[in-house]
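# Need a 3D model of the following:
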Amino acid sequence: MENAVSYLTILLNDLEQVKNSLSAYNNTILIIKANHFDPVENNPEDENLYKRLSRKMTEEEKNMLITTISYFRTYSTRAFIGYTSIAPKLKSDKKTIIESTYNKIKTEVMPDYDTAEGFVQALNDIFVNEINVQALINTAQKTADLSRLSASPTLV
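Take a look at the predicted model:
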């Protein structure tokens, strides 16, 4: 049981890191848009918007964006691998969303923010709705308490 709790703890930490890096990704995009987006010149729905913005970005902004995307993709991959290990036991309708959005995240140079957010939300929904984290924590705590109670007292 302790191994299951440890595995779940790592997986939940990865999910938190995915959420944190998604937030950083959003912030980075907003900073770049604030510095270089011209509403007269650019339509936010334009697929080539980021290509045009990338020509205007400084090297520092490009590095910031690349680093942010790298962290997001790293933790997304870790969380997806953890999810894949437990997916056969899940009964969620979110599986299709997770798998299709992850395929875009792992192949697109600059993943669409809404796609990335959908991936993170679907993963989060699964862990909140399908895995009884509190039951695992309570079981681990009871096991630890029983171990302490059954331990031999030390002689002083």
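
# Run a quick neighbour tally on D114.
9 (other CB atoms under 10 Å). Placement of C-beta: from N, CA and C, glycine included.

# Could you list every helix and strand in contact with the longest helix seen in the chain?
As assigned by DSSP state H, the longest helix anywhere in the chain is helix 2-36. Counting contacts by 3 or more CB pairs under 8 Å, 6 or more residues apart in numbering; DSSP states H and E, helix 2-36 is packed against helix 49-56, helix 59-86, helix 113-129, helix 133-150.

# Please repeat the previous calculation with a cut-off of 6 Å.
Contacts defined by 3 or more CB pairs under 6 Å, 6 or more residues apart in numbering; DSSP states H and E place helix 2-36 against helix 59-86, helix 113-129.

# What residues sit buried inside the first one?
Meaning helix 59-86. 61, 64-65, 68-69, 71-73, 75-76, 78-80, 82-83 (16 or more other CB atoms under 10 Å).

# repeat for the shortest one
Within helix 113-129, the residues scored as buried using 16+ other CB under 10 Å are T115, A116, E117, G118, F119, V120, Q121, A122, L123, N124, I126, F127.

# closest to T101 among the residues you listed?
F119 (3.7 Å; CB to CB).

# May I have the residues that are in contact with the closest one?
T101, Y102, I105 (CB atoms under 6 Å, 6 or more residues apart in numbering).

# From what I see, the second one and F80 are in contact.
This means Y102. Yes. Taking CB atoms under 6 Å as the definition, Y102 is a contact partner of F80 at 4.9 Å.

# who does whichever strand or helix holds N103 touch, helix- and strand-wise?
N103 belongs to helix 95-107 when assigned by DSSP states H and E. Applying 3+ CB pairs under 6 Å, 6+ apart, we find helix 95-107 packed against helix 113-129.

# Just the angle for the helix it packs on relative to helix 95-107, thanks.
140 degrees (axes from the mean of the first three to the mean of the last three CA atoms, to 10 degrees).
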